[in-house]
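Below are the sequence and a predicted model; questions follow.
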Amino acid sequence: MQPEDLRFQGRILFLSENPEAVARQLQGEDISIEDALPLRDQISTDEITPAWICYYYDEKLGDYPYLGLKCGEAFPLKEGLVKAGGFAVSVAGHRRGKGSSREASPYAELCAGIRLVIAASFERIYQQNCQNLGLLTSTDFGLIERIRRGESIPLSEFTRGLDPITAEIVRRGGLFAFNQTRLEGGIPVLMPRHGPRAMTLAEKIIARHVVADASKNSVGIESVRPGEGLFVQADWRFSHEYVTPMAASFLGSAMGDEVALRDPSHILAFRDHLTFLHHSMDEARKQSGLLDAARKLKTVQEEFCAKHGIRLHGELSDGSGSEGICHSLMAEIYAEPGQVVVGTDSHTPHAGALGCLAFGVGTTDIANAWITGDVRVTVPSTLRVLLKGRLKPGLAAKDLVLHLLAQPFIRQGQAIGHVVEYQGEAIRRMNTDERATLTNMAAEIGGFTGLVAPDEETIRFLRERRGVDFRLEDWMRGDADAEYAHTLEVDCGLLGPMVARPGDPGNGVALADIHEDVEINIAYLGSCTGGKREDIRAAFEVVDAARKAGHRVPAAVRFFVQCGSEDVRRYAAEQGWLAAFEAVGAEVLGSSCGACINAGPGVSASKDQVTISAINRNFPGRSGPGQVWLASPATVAASALAGKLCGAEAWMDSRWVTP
């Protein structure tokens, strides 16, 4: 249990936009918040713990927090400086912890001595990970001077406004301590007392999965409302190789090595992130032992899955790639409408395109879910995104989501923690692959998840891709009078091709508004967001026209194509798409996350290199040290052929008659 009154023995670290202000603190000077302004906003977990740091999953992480933090144009944090500086409190601006769900980030802060993180606002998964670990969070900047004066701070300052379950987790110092008592019957979880109410689709799915009485395996209640804290039974629980070892370690430490997992037939594991790492890691890092550390993740995951009978989608036997990216395979094989799917990746909402509630959780959450079968949820509000009209021919869901991310409502964090439900004519006309781009990138929006109500297109996808005859049920849609927190309307007919400037997916700009020539060095078509059948087809149409006209990728550009799964790769090969890519000089790779996680061909090697990429996020260092522009698959292909940032229509119109 946390003490009722807390004293923070240590210094306060302000994460400032000004690298000199950060450097002064690291050199031993205590500065005021006024001296630190402006604070860094929108700090991503890629900056708190860059991908390579996550090869470690023990207390060694304490040497590395903030190594990827960009302050102005500098990276002032170095190995060991936070721990050596004696900092107990870390302060930042808005949307702290955006991006990946990696619990390595708050765990690294905790292992470095940080006991409290303060920010103007937090991303949902990052804050939940902090709470699960016992790392306190607050949006009250008034605590700073109170702590400096040596005051004791009541624990109630950190539980105010939380639902009862979350507040109790904070009081007990973390999720493991809470669940150990809960499983022994020591913490009753109170059910909502209100009667029936109109509900959104997300609320209906949650209500049907609420653990009403764990001792009696009773699941499902009549209704829920936003803000209520509950446990929901998960139909699928999955983790990938970045997280499985840490989760197994946490579980063993808390519950013992012989703990039994609940229903392991509905637990999945994936080896998808690091299968191509050896192609991109430089010799210095290999010599430092990083490649060995990364390979250990694979070994530990395999041993854990074998011990507990967990299905592991791993590497191909010939070493050419993986079976597929976890999100791709969840949609292609497992997820069904109305289910609850939880995974250790912020892009788990990918499967929300099928009408299920799919959301990302952290390491501690998944470790607990292995033994309980459920996860805690504070019922989220729903943001309705009404997509009016039709997208113009040639535009993709990626163009639409980059437009959304650039909207002030989203940029300012107004959608944080919301279910993002897509409705309207444009969504009805999209196939499931395109819908998955929108639900997947609810992570970049900051949402709890993305969701599309199942319809005839969902039935088609399940039948044609899986051979499943699925029948929609009447409840699988929101009620007509359901309450939505906000409605964001988009006239899709007004949109054109979009890109996002380097640094953040929210740096969206219409391609037509970029008047300078942006020469590129690398074009990357792949990832869960950009490696689906529809993505490869859209890029193929551009490439095939170039092939027929005798054009090739310029010698100064490397164009990589990497499918999201082996199913997509086989289909693309059968259709002749991959041969067309190779004919114009593209390099076709086996299935993997690869360059998206800075772990494979397609990453930049120096900060002056420019990449155009179909991945979902471009935070500093995400795909190498260079500058990463985000774009749709068609724009990536056109830019690869042009050697500079270029839209598909502009490229084809400028070189030959459009076929």
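Right, received. Where do you want to start? Every value quoted in this text rests on a predicted model; they were computed, and no experiment measured them.

Give me the distance between the two termini of stretch 167-177.
With CA to CA, to the nearest Å as the measure, stretch 167-177 spans 13 Å from end to end.

Report the rounded mean pLDDT for it.
Averaging pLDDT along stretch 167-177 gives 96.

One more: stretch 352-359?
Stretch 352-359 comes out with an average pLDDT of 98.

next one: stretch 434-451
Mean pLDDT, stretch 434-451: 97.

In space, what's closest to residue 83 - neighbours in sequence excluded?
What sits nearest to residue 83 in space, not counting adjacent residues and going by CB to CB, 6 or more residues apart in numbering, is residue 112, at 4.4 Å. All C-beta spots, glycine's among them, are computed from the backbone N, C-alpha and C.

got the residue ranges for the strands in the stretch 51-200 of the chain?
Counting by DSSP state E, counting those that start in this stretch, one finds strands in the stretch 51-200 of the chain at the ranges 87-91, 116-118, 136-138, 153-154.

Is it correct that the residue nearest to residue 83 is in contact with residue 65?
Yes - with contact defined as CB atoms under 8 Å, residue 112 and residue 65 form a contacting pair (5.0 Å).

what residues are shared contacts of those two?
residue 82 (CB atoms under 8 Å, 6 or more residues apart in numbering).

can you give me the helices for the stretch 51-200 of the chain?
81-84, 104-111, 124-133, 143-148, 164-172, 175-183 (DSSP state H, counting those that start in this stretch).

looking at these, which one has the lowest mean pLDDT?
Of all the helices of the stretch 51-200 of the chain, helix 175-183 has the smallest average pLDDT, which comes to a mean of 92.

The helix or strand following it packs against which elements?
Next along the chain after helix 175-183, taking DSSP states H and E as the criterion, comes helix 201-209. Taking 3 or more CB pairs under 8 Å, 6 or more residues apart in numbering; DSSP states H and E as contact, the helices and strands that helix 201-209 lies on are strand 229-233, strand 340-343, strand 357-360, strand 419-423, strand 449-451.

quick one: contacts of the third one?
The list of residues contacting strand 357-360 from outside it, by CB under 8 Å, 6+ apart, reads 101, 125, 202, 205-206, 209, 330, 335, 339-352, 419, 439, 443, 448-449, 451.

same question, the second one
Identification of contacts with strand 340-343 by CB under 8 Å, 6+ apart yields 205-206, 209, 232-240, 326-327, 330, 334-335, 348, 351, 356-361, 365-366, 369, 375.

and if you look at the fourth one?
Under the criterion CB under 8 Å, 6+ apart, residues 200-202, 357, 380-387, 435, 438-439, 442, 445, 447-453, 478, 484 lie in contact with strand 419-423.

strands paired with that strand, and their directions?
Strand 419-423 sits in its sheet next to strand 382-388 (parallel), strand 449-451 (parallel), going by DSSP bridges.

Any regions of the protein where pLDDT drops low?
Applying pLDDT under 70 to the chain flags the ranges 653-659.

could you redo the last one with a cut-off of 90?
Low-confidence segments of the chain, defined by pLDDT under 90: 1, 51-52, 99-101, 183-190, 193-194, 213-218, 257, 276-291, 317-321, 649-659.

So it: which segments form each domain?
Domain assignment for the chain by automatic domain parsing gives 5-178, 236-374, 381-494, 498-655.

now these as a markdown table including mean neighbour count?
Listed next are these as a markdown table, based on neighbours: other CB atoms under 10 Å:
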| stretch | mean neighbour count |
| --- | --- |
| domain 5-178 | 20 |
| domain 236-374 | 21 |
| domain 381-494 | 20 |
| domain 498-655 | 22 |
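
Could I get the ones you listed in a markdown table, plus columns for distance to residue 213?
What follows is the domains of the chain, written out as a markdown table (distance: least, CB to CB, whole Å):
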| stretch | distance to residue 213 |
| --- | --- |
| domain 5-178 | 15 |
| domain 236-374 | 12 |
| domain 381-494 | 22 |
| domain 498-655 | 37 |
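
was I right about residue 527 contacting residue 617?
No - using CB under 8 Å as the test, residue 527 is too far from residue 617 to be in contact (9.6 Å).

And the strands in the stretch 201-350 of the chain?
Applying DSSP E, counting those that start in this stretch to the stretch 201-350 of the chain gives strands spanning 211-213, 218-219, 229-233, 236-240, 267-270, 311-313, 340-343.

pretty sure residue 466 contacts residue 332?
Yes - counting by CB under 8 Å, residue 466 does reach residue 332; the two are 7.4 Å apart.

between the strands paired with strand 419-423, which one is nearest to residue 55?
Evaluated with CB to CB, the strands paired with strand 419-423 place strand 449-451 nearest to residue 55, the distance being 28.1 Å.

Now the element after that closest one, going C-ward?
Later in the chain than strand 449-451, the nearest helix or strand by DSSP H and E is helix 456-461.

Alpha carbons of whichever helix or strand comes after that following helix, in PDB - could you do that?
Later in the chain than helix 456-461, the nearest helix or strand by DSSP H and E is strand 486-491. Output of strand 486-491 as PDB, limited to C-alpha atoms (Å, rounded to 0.1, in the frame of the first residue of the first chain):
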ATOM      1  CA  HIS A 486     -18.500  15.100 -29.600                       C
ATOM      2  CA  THR A 487     -19.300  14.800 -33.300                       C
ATOM      3  CA  LEU A 488     -16.600  15.700 -35.800                       C
ATOM      4  CA  GLU A 489     -17.800  16.100 -39.400                       C
ATOM      5  CA  VAL A 490     -15.600  15.800 -42.400                       C
ATOM      6  CA  ASP A 491     -16.700  16.600 -46.000                       C
END
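
elements contacting strand 486-491?
Of the remaining helices and strands, those touching strand 486-491 by 3+ CB pairs under 8 Å, 6+ apart are strand 382-388, helix 397-405.

and with 6 Å instead?
Using 3 or more CB pairs under 6 Å, 6 or more residues apart in numbering; DSSP states H and E, the elements in contact with strand 486-491 are strand 382-388.

Alpha carbons only: can I get the strand it packs on in PDB?
The C-alpha trace of strand 382-388 is given here as PDB (Å, rounded to 0.1, in the frame of the first residue of the first chain):
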ATOM      1  CA  THR A 382     -17.300   8.100 -27.800                       C
ATOM      2  CA  LEU A 383     -16.200  10.600 -30.400                       C
ATOM      3  CA  ARG A 384     -18.400  10.200 -33.500                       C
ATOM      4  CA  VAL A 385     -16.500  11.000 -36.700                       C
ATOM      5  CA  LEU A 386     -19.100  11.500 -39.400                       C
ATOM      6  CA  LEU A 387     -17.600  11.000 -42.800                       C
ATOM      7  CA  LYS A 388     -19.900  12.800 -45.200                       C
END
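
starting at the chain centroid, how far to that strand?
21 Å (CA atoms, centre = their mean, to the nearest Å).

again with stretch 254-269
24 Å.

And for stretch 191-210?
With CA atoms, centre = their mean, you get 26 Å for stretch 191-210.

Check stretch 14-30 too.
Distance of stretch 14-30 from the chain centroid (CA atoms, centre = their mean) equals 29 Å.

Show residues contacting that stretch.
Residues from elsewhere that reach stretch 14-30 (CB atoms under 6 Å, 6 or more residues apart in numbering): 13, 36, 38-40, 71-72, 74, 76, 81, 85, 91-92.

Dump those residues to JSON lines, plus distance to residue 558.
Putting the contacts of stretch 14-30 into JSON lines (distance: CB to CB, whole Å) gives the following:
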{"residue": "13", "distance to residue 558": "40"}
{"residue": "36", "distance to residue 558": "41"}
{"residue": "38", "distance to residue 558": "37"}
{"residue": "39", "distance to residue 558": "38"}
{"residue": "40", "distance to residue 558": "33"}
{"residue": "71", "distance to residue 558": "31"}
{"residue": "72", "distance to residue 558": "30"}
{"residue": "74", "distance to residue 558": "29"}
{"residue": "76", "distance to residue 558": "32"}
{"residue": "81", "distance to residue 558": "36"}
{"residue": "85", "distance to residue 558": "41"}
{"residue": "91", "distance to residue 558": "41"}
{"residue": "92", "distance to residue 558": "36"}
